[in-house]
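S.K.: Sharing a model that was predicted from the sequence below.
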Amino acid sequence: MSDVITEYRIARALKSGPPAIREGAKVVEMGADGTLTVLREGTNGWTCMPGVETASADMCADEMGMQWFMDIMAKKPRPTNTSPGLIYMLNGAVQHSYTDPFDHSSPLIPIGPHWMLMWPFTAEHTGLSTVMRDAGTMIMFAGTPYAHLHICGDPWEGNEYQPAVEAVWTMTYKPQKPPTQRR
C-alpha cells in the first residue's frame, strides 16, 4: 500500500475515537481472513482501525473491546472478554442487524456516531430499549451472548459544568391532557 493511502487510512481510523486516545493508539487493518496488519504502533492500550464499507466500521477499542470484536468476527459462540470493554465508532457505521450479531445479508442500517460498552446487558435488568435508535441508548443484539450497551451520540457533546459557570434549568413539555382525563 502506498504511503499516502496508509496515512489516510491511519487518519480515518483515529478520527473514530476521542482526541484523548488518538496520539498513543495503535492502528491496525483487518484483512479479509481476519488477520491484523499493524499500520502504526501504539503506546496506550487502544487499537484503532479503518473500516471496510460493508464489513466493519472505523473504530477505536480498548483491550477488552478489541477481544470482544475479534470474537464476534471469528463467530465464536460467546465473547471471551473477562471485563467490560469500550469501543468508539465516532465516524458512524452501517450494520446489517441490531438483533443478530452474525447477520451479514440483511439491508444495511446506517448508524450515526456512537460508542459501546461491551459487557453482557439485558433489557429486562436495565429497562432499556432493544430497538435501534438515532439517539440515546439501547441493548444491541439483545438476548444473545453478544448483547451490549449501544449509545448513539458523542459522549463529549454538551457544555461542561465548571464552578464559574451559571447552571441553566431546561425543561421540556408535552401536551396537557383534557380536564376530563386528568383525574
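M.R.: Arrived safely, thanks for sending.
S.K.: going forward, measure contacts between C-alpha atoms and count neighbours the same way
M.R.: Will do.
S.K.: Can you give the contact residues for the one helix or strand in the chain whose mean pLDDT sits lowest?
M.R.: In the chain, the helix or strand scored least confidently by mean pLDDT, DSSP states H and E is helix 123-126, which has a mean of 85. For helix 123-126, contacts defined as Cα atoms under 8 Å, 6 or more residues apart in numbering pick out Ser129, Thr130, Ile139, Ala142.
S.K.: Name the member of these with the most neighbours.
M.R.: Neighbours here mean other Cα atoms under 10 Å. Within those, the largest count is held by Ile139, at 27 neighbours.
S.K.: tell me which of the contacts of helix 123-126 is nearest to Leu90?
M.R.: Among the contacts of helix 123-126, Ile139 lies closest to Leu90 (Cα to Cα), at 18.1 Å.
S.K.: Just confirm the closest one is within a strand.
M.R.: Yes: Ile139: assigned to a strand according to DSSP: H, G, I helix; E, B strand; the rest coil.
S.K.: mind checking how far it is from Val52?
M.R.: 24 Å (Cα to Cα, to the nearest Å).
S.K.: do Thr126 as well
M.R.: In terms of Cα to Cα, Thr126 sits 33 Å off from Val52.
S.K.: Spatially nearest residue to the most centrally placed residue in the chain, not counting backbone neighbours?
M.R.: The chain has Trp115 as the residue nearest its centroid, 3.1 Å off, counting by Cα atoms, centre = their mean. Excluding the flanking residues, the one nearest Trp115 by Cα to Cα, 6 or more residues apart in numbering is Tyr88, at 4.3 Å.
S.K.: Helix or strand: which one has the one you found?
M.R.: strand 85-89 (DSSP states H and E).
S.K.: quick one: low-confidence parts of this structure?
M.R.: 1, 53-55, 167, 169-174, 179-183 (pLDDT under 70).
S.K.: and Val38, what are its bridge partners?
M.R.: Val28 (DSSP bridges).
S.K.: Isn't it up against Ile10?
M.R.: No: look at Val38 against Ile10 with Cα atoms under 8 Å: they stay out of range, at 10.2 Å.
S.K.: between those two, what contacts are shared?
M.R.: Counting by Cα under 8 Å, 6+ apart, the residues touching both Val38 and Ile10 are Val27.
S.K.: ok so, going back, which ones are touching the residue nearest to Trp115?
M.R.: Contacts of Tyr88 (Cα under 8 Å, 6+ apart): Ser16, Gly17, Pro18, Met59, Cys60, Ala61, His114, Trp115, Met116.
S.K.: Now distance to Ser2 and secondary structure too, for the residues you listed, in CSV please.
M.R.: Formatted as CSV, the contacts of Tyr88 follow (distance: Cα to Cα, whole Å; DSSP: H, G, I helix; E, B strand; the rest coil):
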residue, distance to Ser2, secondary structure
Ser16, 22, coil
Gly17, 24, coil
Pro18, 27, coil
Met59, 22, strand
Cys60, 23, strand
Ala61, 26, strand
His114, 30, strand
Trp115, 31, strand
Met116, 32, strand
